[in-house]
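In: sequence unknown, structure follows:
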């Protein structure tokens, strides 16, 4: 099994020294660099690079640059997603955001996990676990989402939160590590 196949299957893989993985990652870094050099108002050029970066152009997507990711092709975005400036998607595994997701500035989605044993870490090993976010979620500034987390639809994540565990639908979460503060009740929103 190649290191890339191990990465895609959530196994320990050589993230630092494998030539195929390194080449893919640096190709992505170059595309991110290109994207981040385009005038923010030149949507046509930005969209061309985004299409090269993630493989398609999601409907209604807006990414405020600078933006960075590791592979690009493992990012899956729904309709009308907004990603504010200085966000980082560490997409060794898939990162999926549903429709109408708003991501504040300086947020990070981290699929990579590293061994506690420094001998294994020094060999460049890591494991990538997917992140999935439902529809209609809002992330405040400086939120960090850890590997393997699933976030339900309709959630609001307070600024500075670190999400380490799965989150159900329609909750307000905050803290380090993030905890449920309260359920979001649709009837309260109509008042």
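Out: Structure received. Here the structure is a predicted model, which is why all the values come from computation and not from measurement.
In: C-alpha from now on. contacts and neighbour counts both.
Out: Noted.
In: neighbouring strands for the helix or strand containing residue 181, and are they parallel or not?
Out: Per DSSP states H and E: residue 181 is located in strand 178-183. Here strand 178-183 has these sheet partners by DSSP bridges: strand 171-175 (antiparallel).
In: what mean pLDDT does the strand holding residue 181 have?
Out: In this model, strand 178-183 carries a mean pLDDT of 96.
In: what does it contact?
Out: Under the contact criterion Cα atoms under 8 Å, 6 or more residues apart in numbering, strand 178-183 has outside partners 161, 162, 163, 164, 167, 170, 171, 172, 173, 174.
In: how far away from the center of its chain is that strand?
Out: 21 Å (Cα atoms, centre = their mean, to the nearest Å).
In: can you check stretch 57-70 too?
Out: For stretch 57-70 - counting by Cα atoms, centre = their mean - the centre lies 11 Å from the chain centre.
In: thinking again about what came up before, now render the contacts of strand 178-183 as TSV, adding distance to residue 25.
Out: Shown next, in TSV, are the contacts of strand 178-183 (distance: Cα to Cα, whole Å):
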residue	distance to residue 25
161	27
162	25
163	25
164	25
167	30
170	35
171	35
172	34
173	32
174	32
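In: and the closest residue in space to residue 6 that isn't next to it in sequence, how many neighbours?
Out: Spatial nearest neighbour of residue 6, excluding adjacent residues (Cα to Cα, 6 or more residues apart in numbering): residue 13 at 5.7 Å. Residues within reach of residue 13, counting by other Cα atoms under 10 Å, total 23.
In: can you read off the pLDDT for residue 13?
Out: 95.
In: so who does it touch?
Out: 3, 4, 6, 7, 124, 125, 126, 127.
In: let's see that with 7 Å instead.
Out: If you count contacts by Cα atoms under 7 Å, 6 or more residues apart in numbering, residue 13 has them with 3, 6, 7, 125, 126, 127.
In: partner residues bridging the nearest residue to the first one once chain neighbours are set aside?
Out: In space, and not counting its chain neighbours, residue 3 is closest to residue 13: 5.3 Å by Cα to Cα, 6+ apart. Residue 13 has these beta-bridge partners by DSSP bridges: residue 126.
In: all numbers from here: first residue = 7
Out: From this message on, residue numbering opens at 7, which makes the last subject residue 19.
In: I'd like to know how far residue 19 sits from residue 66.
Out: 35 Å (Cα to Cα, to the nearest Å).
In: cool, and residue 134?
Out: 28 Å.
In: those two: which is more packed in?
Out: residue 134 (26 against 12).
In: and that one, its phi and psi?
Out: Dihedral angles of residue 134 (phi, psi; degrees, to the nearest 10) stand at phi -110, psi 130.
In: what of the one 4 residues further on?
Out: The main-chain torsion angles of residue 138 are listed as degrees, to the nearest 10 and equal phi -130, psi 130.
In: burial measure for it, as a count.
Out: Residue 138 has 19 nearby residues by other Cα under 10 Å.
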